[in-house]
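Colleague: Return atomic coordinates for the entry below.
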Amino acid sequence: MTSFKAKILSLLDNSKLNRLLSQSSNDTEARLIASLISKELTALTSYKNLSTFRDFIWEKLNTGHWKDVPRIWRDLYSATIIVTILVIMNAWTNEKDTDVLQDCIRLCDMGLLMGSTICNDICGTWAAEFHRFISGSGCSKRPKISIPCLLPSEELMRPSIPKIQCLQTLDFETFVEKYKETQTPVIIKGLANNWPARAKWSIPYIRSIAGYRTVPIEIGSRYTDGNWTQRLMTINAFIDQFIDSPSQTTGYLAQHNLMDQVSDLKEDIETPDYCFSGEEDSEDVNFWFGPCGTVSPLHTDPKHNILTQVVGYKYVRLYDPDQTKYLYSYSEEDLMSNTSQIDIENPDFNEFPEFRHALGLQGILEPGDALYIPPKMWHYVKSLSLSFSVSFWF
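Modeller: So this is what the prediction gives:
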């Protein structure tokens, strides 16, 4: 057995997996599948059987609303993936065959995206180890020279729209009293300038640390378009298709918790102190990465948000909640009642005449800047260059 293979196998605590598979459940089908997975854990021979179990559980995960799926099926999905990887590693003998490890990374990511975090996050741990091995073996894909960040265009800035207030510094108490409690947006210049991410994040770096990781990519100019869709693909494939090469469509890695999926990225950022003014114990941290031209349509979110620009530039338009009557949100039936129907860049005043009366604010986020967006405040965001951003909901 190779030293790397032995290391991978040693990382799993089999007792935790066995306990999960033997736990009681009121669901007869879940108990049956758990017992079958347990048998495969003992035998470690049948990839085909495990694929069948995984397909069966997949149907359970995609029946009804995601929030209503019983936790046991998410646990079993991840358990099936763990045992599948054990079967693969049991048969893997050629360390030069890194395609097998890429398949293992994809399986780990599916466990993280669709399953649950079990066995001390073994899927995340394994995926990171597989990725490091491939990147250090000389078999990883050589990064292409990527499109550089360009200085932003000012064409989106409308002289008639006031600018968002910008501050060079903002202490915690002042933030709470003058901005959070009054629901007032503000840009804090250079808040993230000392983050390691400011020096490290680039296309080659993201390829090296996460290129083989599978993530959900938004395909289409904006999620309100009829042809908008999502696709699971590796970050390498996303960069190849939508950033390094001209494309007829736009791809965007948007609002995804990549830091939990690729834990090394957590070391590159720092949670702003302002986030600790909330009532919740933890914040929701999401990663945004895309080429010039990606758009988040005018919409609202339910929580306080610190949107931090790491690389590149973004244009932002804001409207206070009291302007909602002018913004033509979609109906409840469309499941997008938090989103405006208006194309901010090219508004149709014949269809949306009241939009003429909407009073907003605008600004451009530069590398290192952070924008505080209060809950329910309407915001439109467009990247003016290749862009990496991190948002903190609290």
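
Colleague: Centroid-wise, who is the farthest residue in this protein?
Modeller: Asn350 (36.8 Å; Cα atoms, centre = their mean).

Colleague: Can you report how many residues neighbour the residue lying closest to Leu191 once chain neighbours are set aside?
Modeller: Leaving out its chain neighbours, the residue that sits closest to Leu191 by Cβ to Cβ, 6 or more residues apart in numbering is Ala370, at 3.9 Å. C-beta: built from backbone N, CA, C; applies to glycine. Neighbourhood size, Ala370 [other Cβ atoms under 10 Å]: 24.

Colleague: Ile306 is in contact with Ala370, correct?
Modeller: Yes. With contacts counted by Cβ atoms under 8 Å, Ala370 reaches Ile306, the gap being 5.4 Å.

Colleague: residues shared between the contacts of the two?
Modeller: Pro272 (Cβ atoms under 8 Å, 6 or more residues apart in numbering).

Colleague: Just the pLDDT at the residue farthest from the centre of the chain, thanks.
Modeller: Looking at Asn350, its pLDDT stands at 97.

Colleague: With Pro159 instead?
Modeller: pLDDT, read off for Pro159, is 85.

Colleague: Backbone torsions only: list them for it.
Modeller: Phi and psi for Pro159, reported as degrees, to the nearest 10, are phi -60, psi -30.

Colleague: Show the pLDDT at the residue nearest to Leu191.
Modeller: Each residue has a pLDDT score; the one for Ala370 is 99.

Colleague: That one and Phe289: what is the separation?
Modeller: Distance from Ala370 to Phe289, counting by Cβ to Cβ, to the nearest Å: 17 Å.

Colleague: so Leu20 makes contact with Ala79?
Modeller: Yes. Contact criterion Cβ under 8 Å: Leu20 and Ala79 qualify, at 6.0 Å.

Colleague: So for these two, which residue has more residues nearby?
Modeller: Shown here are Leu20 and Ala79; by other Cβ under 10 Å, Ala79 has more neighbours (28 against 20).

Colleague: Just give the nearest non-adjacent residue to that one, would you?
Modeller: Closest to Ala79 by Cβ to Cβ, 6+ apart is Ile37, at 5.6 Å.

Colleague: mind listing what the one you found touches?
Modeller: Applying Cβ under 8 Å, 6+ apart, the residues contacting Ile37 are 21, 50, 53, 76, 79-80, 83.

Colleague: hey, where'd the strands end up in the protein?
Modeller: Ranges of strands in the chain, per DSSP state E, are 166-167, 186-188, 214-219, 229-234, 251-256, 284-290, 295-299, 305-311, 314-319, 360-365, 370-373, 378-383, 387-393.

Colleague: Mind putting those strands into JSON lines with distance to Ile88?
Modeller: Shown next, in JSON lines, are these (distance: least, Cβ to Cβ, whole Å):
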{"stretch": "strand 166-167", "distance to Ile88": "53"}
{"stretch": "strand 186-188", "distance to Ile88": "47"}
{"stretch": "strand 214-219", "distance to Ile88": "16"}
{"stretch": "strand 229-234", "distance to Ile88": "18"}
{"stretch": "strand 251-256", "distance to Ile88": "26"}
{"stretch": "strand 284-290", "distance to Ile88": "28"}
{"stretch": "strand 295-299", "distance to Ile88": "39"}
{"stretch": "strand 305-311", "distance to Ile88": "35"}
{"stretch": "strand 314-319", "distance to Ile88": "41"}
{"stretch": "strand 360-365", "distance to Ile88": "43"}
{"stretch": "strand 370-373", "distance to Ile88": "43"}
{"stretch": "strand 378-383", "distance to Ile88": "38"}
{"stretch": "strand 387-393", "distance to Ile88": "33"}
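
Colleague: most centrally placed residue in this protein?
Modeller: Central residue of the chain (Cα atoms, centre = their mean): His256, 1.1 Å from the mean position.

Colleague: hang on, isn't that residue packed against Asp284?
Modeller: No. Using Cβ under 8 Å, His256 is not in contact with Asp284, being 11.2 Å away.
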